[in-house]
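[1] how would this look folded up:
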Amino acid sequence: MTEIERRRKSYNRIAALYDSARPGYPKALYDDILAYADVPGLPRILEVGCGTGQATWPLAERGCAIDCVEPGPELAAIASDKLAAYPGVRIYCSDFESYGPAAAGYDMLLSATAFHWVAPEIRFRKARAILKPGGALALFWHRPVQTDASRHIITALQKVYARLAPALAADYENPPEPDSVKTEYENHISDSGCFKDLAIRKYKVAKSYSASAYVNLTRTWSDHLALEAEQLSRLCAGIEDLIQNEFAGEIVRETVVLLYLARRS
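    Take a look at the predicted model:
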């Protein structure tokens with residue numbers, strides 16, 4: 001098993017924590033997705049890597065028919081329970097690479113903070129193949145950012161990483177300002193030759209976390225899960241102590257949600 005496979009599969013063993021700790025996405029994002037789909041009524045959607053259904057539920061609530069593929073059985077089980085009241089939602093415990101619909105029948109392929117786990121040589125070609133002519137692609141991720149309001153928090157957290165998890169320190173140092181977030185999937189989508197009419201939307205998010213809630217969030221990040229258990233415990237304790245003692249028990253995490261929209265070429 002490769003390191004990427006190990007990290008992708010690590011979420012399944014913390015499924016309940018993942019469900020409670022991971023943030024959702026702005027309402028405006030779902031409005032933009034459905035507007036871009038541009039089909040009569042509501043689109044038939046394939047969701048890749050639904051996790052525990054954080055991005056599935058808001059679309060199911062609007063009446064969308066959604067087939068979800070999720071390789072983690074514990075994650076898929078939580079999603080199935082959460083979405084049991086929506087007959088238009090079906091959960092398949094499978095990875096996208098193995099999923100095989102009989103024909104191209106989807107109006108949209110959607111993936112929330114998961115498409116980077118799909119094999120690069122397969123992902124866009126297969127996404128195109130399962131979409132109807134003119135079908136839409138919607139990919140989105142939270143990306144950490146900083147502003148004047150959060151810079152001191154990030155600087156303080158960076159010192160904890162440098163002391164307790166130096167291998168991760170560079171990855172959590174000096175995130176960009178909201179207007180400078182890298183849109184790396186812009187080139188990936190364009191270079192694939194499978195999609196056209198690319199549009200990128202950005203949504204600024206600021207979410208407050210208690211010390212324990214922020215630590216729980218960090219425990220759902222794959223690079224943190226890859227640490228040895230003792231080191232992860234020390235890191236989490238250090239982060240919790242920092243938030244309790246220097247920030248009165250609460251911090252604000254700022255992100256930009258990047259949404260990439262494109263149409264089957």
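[2] okay, helices next: where are they in the stretch 1-150 of the chain?
    3-10, 15-21, 27-37, 56-61, 73-82, 123-130 (DSSP state H, counting those that start in this stretch).
[3] tell me the pLDDT of Y25.
    What the model reports for Y25 is a pLDDT of 98.
[4] pLDDT on the helix ranked longest in the chain, on average?
    Longest helix in the chain, counting residues (DSSP state H): helix 229-246. Average pLDDT, helix 229-246: 98.
[5] which parts of that helix are buried?
    Going by neighbour count (16 or more other Cβ atoms under 10 Å), the buried part of helix 229-246 is L232, R234, L235, C236, G238, I239, E240, L242, I243. (Glycine included, C-beta is placed from N, CA and C.)
[6] what's the next secondary structure element after that helix?
    Note on helix 229-246: by DSSP states H and E, the next helix or strand toward the C-terminus is strand 250-264.
[7] can you list the buried residues of helix 229-246 in TSV and add distance to Y86?
    Output for these, formatted as TSV (distance: Cβ to Cβ, whole Å):
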residue	distance to Y86
L232	36
R234	42
L235	38
C236	35
G238	41
I239	37
E240	37
L242	41
I243	37
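[8] end-to-end on stretch 215-232?
    End-to-end distance of stretch 215-232 (Cα to Cα, to the nearest Å): 10 Å.
[9] now for the closest residue to P175 other than its chain neighbours: which residues touch it?
    Excluding the flanking residues, the one nearest P175 by Cβ to Cβ, 6 or more residues apart in numbering is P144, at 4.4 Å. The contact partners of P144, taken as Cβ atoms under 8 Å, 6 or more residues apart in numbering, are Y172, P175, R253, E254, T255.
[10] partner residues bridging the fourth one?
    In this structure, E254 has beta-bridge partners A206, where bridges are defined by DSSP bridges.
[11] quick one: it from Y203, how far?
    Using Cβ to Cβ, to the nearest Å, E254 is found at 12 Å from Y203.
[12] who's more crowded, these two?
    The residue with more neighbours, out of E254 and Y203, is E254; 21 against 18, by other Cβ atoms under 10 Å.
[13] do I have it right that the more buried one meets R143?
    No - between E254 and R143 there is no contact under Cβ atoms under 8 Å: 10.0 Å.
[14] the closest residue to T56 other than its chain neighbours: how many residues sit nearby?
    Distances taken as Cβ to Cβ, 6+ apart put C50 closest to T56, at 5.1 Å, once the chain neighbours are dropped. Around C50 there are 29 other residues, counting by other Cβ under 10 Å.
[15] picking that back up, so which of the buried residues of helix 229-246 is the closest to P120?
    L232 (28.4 Å; Cβ to Cβ).
[16] for the closest one, give me its contacts.
    Applying Cβ under 8 Å, 6+ apart, we find L232 in contact with R219, H224, L225.
[17] with T52 instead?
    A15, Y18, D19, R22, L75, I78, A79, K82.
[18] pLDDT score for the closest residue to I78 other than its chain neighbours?
    In this structure, I78 finds its nearest non-sequential neighbour in T52, 4.2 Å apart by Cβ to Cβ, 6+ apart. We have a pLDDT of 98 for T52.
[19] could you measure from T52 over to R143?
    21 Å.
[20] thought D19 was touching D81?
    No - D19 is beyond contact range of D81, at 9.9 Å (criterion: Cβ under 8 Å).
[21] these two: who's more crowded?
    Applying other Cβ under 10 Å to D19 and D81 shows that D19 carries more neighbours, namely 19 against 13.
[22] gap between the nearest residue to that one once chain neighbours are set aside and C64?
    Nearest residue to D19, sequence neighbours excluded (Cβ to Cβ, 6+ apart): T52, at 3.9 Å. Separation of T52 from C64 (Cβ to Cβ): 18 Å.
[23] about what we covered before: tell me how far the residue nearest to I78 lies from S20.
    When T52 is compared with S20 (using Cβ to Cβ), they lie 9 Å apart.
[24] any idea how far the residue nearest to I78 is from C68?
    From T52 to C68 the distance is 10 Å (Cβ to Cβ).
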